[in-house]
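K.L.:
I'd like to go over a predicted model; first the sequence, then the structure.
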Amino acid sequence: MSADQKLAGLSAKPHGNYNITLAPIRELNNSFYASGQVARRGEAMIATGLVGREVNMELAQECAWVCAINVLESVQKAIGSLDKIEYVARLGIYVASADDFSDQHLVGHGASQVILDVFGPEVGLHTRTAIGVKSLPLNSPVEVDAIFVLKK
């Protein structure tokens, strides 16, 4: 059955398996996207809540730091070695923000620093978007995803 036929056969309401497992990375030509990671060490969340209300800047930056480590660990597991990466193209930083919080870019520094510490400025120099959102999975204050380019 084709994808078009499968789409036509779906109902308008979601149904079925809500425990969907997503790929840690997905390749696109010589690049790949790494799925977002939350601020969790093992099964324990570093913090929960909104940055600017329950979570202060220092803790939010630590959360971003942990998220970036989690991204790199998932990438390392998926591709075997971080040395296969030619350069880091982009980080996406999502910050669960209180209504009056507007320093998402400062929270993102925690994640960017991990990338620069691991890869150095030549490979680790990246673009970044830091976005304030209302909530994130598991009530995490921060989530980080990334795009990498593989060596040829």
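P.N.:
Nice, thanks for sending it over.
K.L.:
would you confirm that residue 82 contacts residue 118?
P.N.:
Yes - contact criterion CB atoms under 8 Å: residue 82 and residue 118 qualify, at 6.8 Å. (C-beta placed from N, C-alpha, C; glycine too.)
K.L.:
please, where are all the helices along this structure?
P.N.:
Assigned by DSSP state H, the helices in the chain fall at 3-8, 57-79, 104-124.
K.L.:
which strands or helices does the longest strand seen in the chain pack on?
P.N.:
Identified as the longest strand of the chain according to DSSP state E is strand 85-96. Counting contacts by 3 or more CB pairs under 8 Å, 6 or more residues apart in numbering; DSSP states H and E, strand 85-96 packs against strand 31-38, helix 57-79, helix 104-124, strand 127-133, strand 142-150.
K.L.:
so which of the ones you listed is the most surrounded?
P.N.:
strand 142-150 (a mean of 24; mean count of other CB atoms under 10 Å).
K.L.:
then the longest strand of the chain to PDB, C-alphas only?
P.N.:
Taking C-alpha atoms only, strand 85-96 is exported to PDB below (Å, rounded to 0.1, in the frame of the first residue of the first chain):
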ATOM      1  CA  ILE A  85      31.300  15.300  12.600                       C
ATOM      2  CA  GLU A  86      32.800  17.900  10.200                       C
ATOM      3  CA  TYR A  87      31.000  20.800  12.000                       C
ATOM      4  CA  VAL A  88      28.000  21.700  14.100                       C
ATOM      5  CA  ALA A  89      25.600  23.700  11.900                       C
ATOM      6  CA  ARG A  90      22.900  24.800  14.400                       C
ATOM      7  CA  LEU A  91      21.500  24.500  17.900                       C
ATOM      8  CA  GLY A  92      17.800  25.000  18.700                       C
ATOM      9  CA  ILE A  93      17.300  26.100  22.300                       C
ATOM     10  CA  TYR A  94      13.700  26.000  23.600                       C
ATOM     11  CA  VAL A  95      13.200  27.700  27.000                       C
ATOM     12  CA  ALA A  96      10.000  27.200  29.000                       C
END
